[in-house]
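Novice: Generate coordinates for the sequence data below:
(one chain, ligands or ions: 1)
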Amino acid sequence: MKNIYINYIASQLKKPTGFIGHIVSNKMQKMNEPIYDWMISVLNIERAKNVLEIGYGTGIMMNRIVSNYKNVKVYGIDFSKIMFDKAKFYNDKYIKQGRIHLDFGDLLSYNSSIKFDVVFGLNVIYFWNKLTPYFEKIFSLMNTGGVLYLYMRDTNDFKNHQMAKTVIFNMHDKKDIRTKMESCGFNQVNFIEMNLNGMKCCCIKAIK
Ligand SMILES: C[S@@+](CC[C@H](N)C(=O)[O-])C[C@H]1O[C@@H](n2cnc3c(N)ncnc32)[C@H](O)[C@@H]1O
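Specialist: Here you go, the predicted model:
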């Protein structure tokens, strides 16, 4: 019974749906607050014109980015309809100003006439069981010299968590991430680490 419940919550984190998806995403946003603060300090947006967020969830990160950096436009792709609706509502002002553009769909089917200077995603890599197609797709969407940032919990720290043990979550090891990124063409792959209130966190950074 407990396993069914954990699997259900894990599937809601992967793709929030319905009423429960609203509750889970509100809770996720509250719990992730320290991560958003840290990631805002890690992302180097200063010179970026076009930024892509993968799996934007409630849309809070993109909102903070456009509020802090006046010359940047943020695009987003998320395959949860309720996250699309929520992020659209939350970012209404910036959408009307043409500074935030939201798409609803899977990253693997996402197409854009714009190439991005910065691409980032928080808590999405766990849901990619095969990394290479995602890394290839991201690489194809970026400008040369563009920077990719993917936030995840530290694999060794998180792998014993009950959520990480479900079939929904994929715990990728850093060596494997680096090898696959490099074989897709990324370079300077490195892992920025941080301890947030006792939680070991990691941001993968790579350059096209
Ligand atoms: C755990 S939530 C994280 C949300 C937000 N980034 C955060 O950290 O608060 C994962 C989000 O990524 C989206 N997502 C997962 N895989 C995706 C994919 N392949 N394409 C588009 N969106 C995806 C989900 O719909 C969900 O909104």
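Novice: Spell out the secondary structure type for the residue nearest in space to the middle of the chain.
Specialist: The residue lying closest to the centre of the chain (Cα atoms, centre = their mean) is Gly121, at 1.9 Å. At Gly121 the chain is in strand, as set by DSSP: H, G, I helix; E, B strand; the rest coil.
Novice: Is there a neighbour count for the closest residue in space to it that isn't next to it in sequence? I'd like the number.
Specialist: Using Cβ to Cβ, 6 or more residues apart in numbering and skipping residues adjacent in sequence, the residue nearest Gly121 is Ile54, 3.5 Å away. C-beta: built from backbone N, CA, C; applies to glycine. Using other Cβ atoms under 10 Å, Ile54 is surrounded by 23 other residues.
Novice: measure Gly76 to Ser183 for me?
Specialist: In this view, Gly76 and Ser183 are 27 Å apart by Cβ to Cβ, to the nearest Å.
Novice: residues in this structure within reach of the ligand, list them.
Specialist: 13-16, 28-29, 32, 55, 57, 77-80, 83, 106-107, 122-124, 127 (Cβ under 6 Å from any ligand atom).
Novice: hang on, the earlier thing: please report the distance of the residue nearest to Gly121 from Leu150.
Specialist: From Ile54 across to Leu150, the span is 8 Å (Cβ to Cβ).
Novice: and what of Thr17?
Specialist: Going from Thr17 to Leu150 by Cβ to Cβ gives 24 Å.
Novice: Quickly list what the residue nearest to the centre of the chain is bridged to.
Specialist: Going by DSSP bridges, Gly121 is paired in beta bridges with Ile54, Leu150.
Novice: from what I can see it touches Met61, true?
Specialist: No: at 9.5 Å, Gly121 does not count as touching Met61 under the criterion of Cβ atoms under 8 Å.
Novice: Can you list the low-confidence ranges for this protein?
Specialist: Scanning the chain for pLDDT under 70 picks out 1.
Novice: re earlier: need the overlap of contacts for Gly121 and Met61.
Specialist: Both Gly121 and Met61 are contacted by Glu53, under the criterion Cβ atoms under 8 Å, 6 or more residues apart in numbering.
Novice: Which neighbours do Ile54 and Leu150 have in common?
Specialist: Phe120, Gly121, Val124.
Novice: ok, of the residues you listed, which one's closest to Ala206?
Specialist: Nearest to Ala206 among the shared contacts of Ile54 and Leu150: Phe120, at 11.1 Å, using Cβ to Cβ.
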